[in-house]
Every structure is written in structure tokens, then in C-alpha cells.
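> Requesting a structural model of the entry that follows:
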Amino acid sequence: MDATWAARKYQVVVRGEQSHTASTVMADRCDALFGASLLVVAVRELAEQSTDIPLHTSVSEMTIEPNSPVVVAREVRMHVDLRSPDEALLDSAAKKPAESVPGIEERASVTIEQVQTHGWGVAPFPAAGVELAARAADELGLSHRTMMTIAGHDSVNMKDVTADAGRRARRSG
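From the prediction side, this is the model:
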């Protein structure tokens with residue numbers, strides 16, 4: 001791997017009004033879960049609309065309050081994750097859920113707050129580490145190719161550790 005995709009992550013809170021599922025007529029409901037569901041669809045459609053450049057979108061870690069089988073949800077908290085190897089596309093895509101919010105709020109009679117929790121740009125890995133991995137694979141007779149990581153995880157965290165170790169080795173050697 002020689003780089004990681006860029007990402008933007010958001011915490012979203014959809015607020016409605018708690019009521020009983022049987023006694024509250026549909027027109028009077030302020031259903032946070034309905035509003036959240038509309039937003040989930042809007043986020044998914046971003047990826048489906050991006051046909052030339054990859055865009056991965058996801059909604060996860062959903063918390064529903066009060067999470068009862070007979071109560072209309074008063075609040076939904078969820079994570080929105082957007083990723084792409086193209087930062088300009090990612091920046092453009094990140095604006096679109098916010099553009100959908102007023103229509104969703106009106107349709108579901110809810111309010112929606114979105115806060116970016118963190119994000120990063122396309123992050124190249126140190127060339128020396130990429131070259132070292134390729135040489136090690138060659139010496140072992142293993143095939144390899146250079147690619148960007150989408151998920152990140154250990155490779156993103158380890159790139160800095162291995163770069164530091166490489167710098168120390170060059171200084172002492």
C-alpha cells in the first residue's frame with residue numbers, strides 16, 4: 001500500500017417527539033427513526049450516484065431512543081462515514097447530506113444536527129517503507145502490487161511507526 005483514501009466522519013442526531021405507536025395518528029408523528037431512515041437512504045444514494053470515481057458511504061452505530069416496540073422514536077444518533085481516493089469528490093459529497101436535511105426535517109417533522117467528528121485527506125505512506133515491503137516480497141518470491149488502502153486500520157497507524165523506525169535505523173547505521 002502506498003496511501004490511504006481520504007475520509008470524513010460525522011455524528012448525526014435526529015430529534016423527534018416520543019409518542020405511542022397505536023394512539024398517535026400518522027400525520028401527527030415526529031418520528032426520529034423515519035427521519036434517520038431518509039438520511040440513511042440519502043447517504044447511500046451518494047455512492048450510487050458517483051460512477052466515475054469511487055465513493056464509499058456508510059451509516060453505522062445507530063442508537064434509537066427509547067428503542068421500544070410500542071413507542072415512536074424521539075431520538076436517533078448515528079455515524080456517517082464517507083471515503084474516496086479523490087478529495088475534491090469527497091468534499092463535494094460531504095455537502096450533499098446537509099443539503100437533504102431541510103427536506104427530511106420537513107417530511108418527518110424532526111430536527112437534524114450533523115457534526116464532523118474527524119476526517120483526513122489522502123495520506124501517502126513513506127516511500128522507503130513501500131519500497132522495503134516490495135523488496136521483501138521480491139526476496140521471498142511473492143507477487144505484489146502498489147495500491148491505496150480504503151479501510152486503513154493498522155496500515156495507516158503503522159506507517160508512522162515504521163517511518164520513525166526507518167529514520168532511526170538510517171541515523172544509527
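> Which helix or strand contains residue 54?
Counting by DSSP states H and E, no helix or strand carries residue 54.
> these two touch, right, it and residue 84?
Yes. Under the criterion of C-beta atoms under 8 Å, residue 54 makes contact with residue 84 at 6.1 Å. Where C-beta positions appear, they are placed from N, C-alpha and C, glycine not excepted.
> Those two - which one has more neighbours?
Using other C-beta atoms under 10 Å, the more surrounded residue of residue 54 and residue 84 is residue 84, with 25 against 15.
> what's the nearest residue to the more buried one if we skip its chain neighbours?
In space, and not counting its chain neighbours, residue 84 is closest to residue 90: 4.3 Å by C-beta to C-beta, 6 or more residues apart in numbering.
> now the helices: where do they sit in the protein?
32-49, 87-108, 127-139, 154-172 (DSSP state H).
> Nearest to residue 18, out of those helices?
helix 32-49 (8.6 Å; C-beta to C-beta).
> now that closest one: how far from the chain's centre is it?
13 Å (C-alpha atoms, centre = their mean, to the nearest Å).
> got it, and stretch 108-127?
Put simply, stretch 108-127 sits 6 Å off its chain's centre (C-alpha atoms, centre = their mean).
> any idea of the mean pLDDT for it?
Taken as a whole, stretch 108-127 has a mean pLDDT of 92.
> Any stretches of this protein with poor pLDDT?
152-170, 172-173 (pLDDT under 70).
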